[in-house]
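Asks: pasting the sequence and the predicted coordinates here, then a few questions.
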Amino acid sequence: MDEIITERSGSILRVELNRPSKRNAMTSRMYVTLADAFNDAAKDERTRVVLWHGAGDSFCAGNDLEDFLKNPPGPGESPQARLMNALIDLDKPLIAAVHGAAIGGGTTMLTHCDFVYAGGSAKFQMPFINLAVVPEFGSSCTVPARIGHIRAAELILLGLLFDAKRAADLGFVTQVVPDQNLLTTASETARKLAAKPAGALQASKRLMKRSFRKRIKAAMKAENEEFSAQVRSEDATEALTAFLEKRAPHFGRAMEPSTAA
């Protein structure tokens, strides 16, 4: 079974994460295949708009941890970095239709979309801190820039779960719609965009991204280097092992209670 399915309808390319039994958790192979799909769409003159969604009951539950432990990303070129660069370089409108779980990368990847429609069932979270690692996909730059440091600290430093309404209030999503209307609503926007003049559409997106493209690439590079170091730490090993064993982690550098003088 193909874990990434692409289907063209006129000038609209639909990209589906198709691993529903694992809530579309991403493997290294999926990152590479998805990056290739976006890079091909960028070069294909027939494609004007990309519509992205997930099969089953979720959009994307983040990394597949068993695959991740076998193939942790390094500081340079990696499957994750390939997808990050593909998202930055895609100058055609990218629309996401999100339902169910959008966890970790399932949230941070969305910060590169131009339109994000969330079903009422959507749940978002960036729980990197709980796994003793750091944010990815440039989210250490894009999230504070979008919602401010104070709110970003809740989501990144506490790793809080938030629902579709909260996501809309924060500006993470374009609109919240009932799950049964999700793909219809996203598809209608895709059709409207596909009817626009393609050259002006792509140029407008490039101009909108121009001022922060370098900042995001710099943030991604710094994140990849830090992630690579942290994921190999004792704390990360404990956090990931505890997650797989379904127990609370026990971190070695716990703070000692202070005593009054």
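Replies: Yep, it's here.
Asks: need the longest helix for this protein.
Replies: Counting by DSSP state H, the longest helix found in the chain is helix 198-230.
Asks: what's the first helix or strand after that one?
Replies: helix 234-245 (DSSP states H and E).
Asks: for that following helix, packing partners?
Replies: helix 65-70 (3 or more C-beta pairs under 8 Å, 6 or more residues apart in numbering; DSSP states H and E). For every residue, glycine as well, the C-beta is placed using N, CA and C.
Asks: and the helix or strand just after the helix it packs on, average pLDDT?
Replies: Next helix or strand after helix 65-70 toward the C-terminus (DSSP H and E): helix 79-89. In this model, helix 79-89 has an average pLDDT of 93.
Asks: cool, and stretch 182-192?
Replies: In this model, stretch 182-192 carries a mean pLDDT of 98.
Asks: what does it contact?
Replies: Residues outside stretch 182-192 that contact it (C-beta atoms under 8 Å, 6 or more residues apart in numbering): 12, 49, 51, 53, 93, 95-99, 115, 117-119, 175, 177.
Asks: related to what we said a few turns ago, what's the angle between the longest helix of the chain and helix 79-89?
Replies: 150 degrees (axes from the mean of the first three to the mean of the last three C-alpha atoms, to 10 degrees).
Asks: which parts of helix 198-230 are buried?
Replies: Neighbour-count burial for helix 198-230 flags 198, 201-202, 205, 209, 216-217, 219-220, 223-224, 226-228 (criterion: 16 or more other C-beta atoms under 10 Å).
Asks: what subset of the contacts of stretch 182-192 is buried?
Replies: 12, 49, 51, 53, 93, 95-99, 115, 117-119, 177.
Asks: ok, of those, which one's closest to A81?
Replies: Ranked by distance to A81 (C-beta to C-beta), these are led by A96 at 20.4 Å.
Asks: what's whichever helix or strand that closest one is part of in contact with?
Replies: Remark: A96 resides in strand 94-98, with elements defined by DSSP H and E. With contacts defined as C-beta under 8 Å, 6+ apart, strand 94-98 is touched by 38, 49-54, 59, 87, 110, 112-119, 122, 173, 182-183, 185-186, 189-190, 193.
Asks: run me through the strand neighbours of that strand, direction for each.
Replies: strand 49-54 (parallel), strand 115-119 (parallel) (DSSP bridges).
Asks: got the residue ranges for the strands in the stretch 1-150 of the chain?
Replies: 4-9, 12-17, 49-54, 94-98, 101-103, 115-119, 123-125 (DSSP state E, counting those that start in this stretch).
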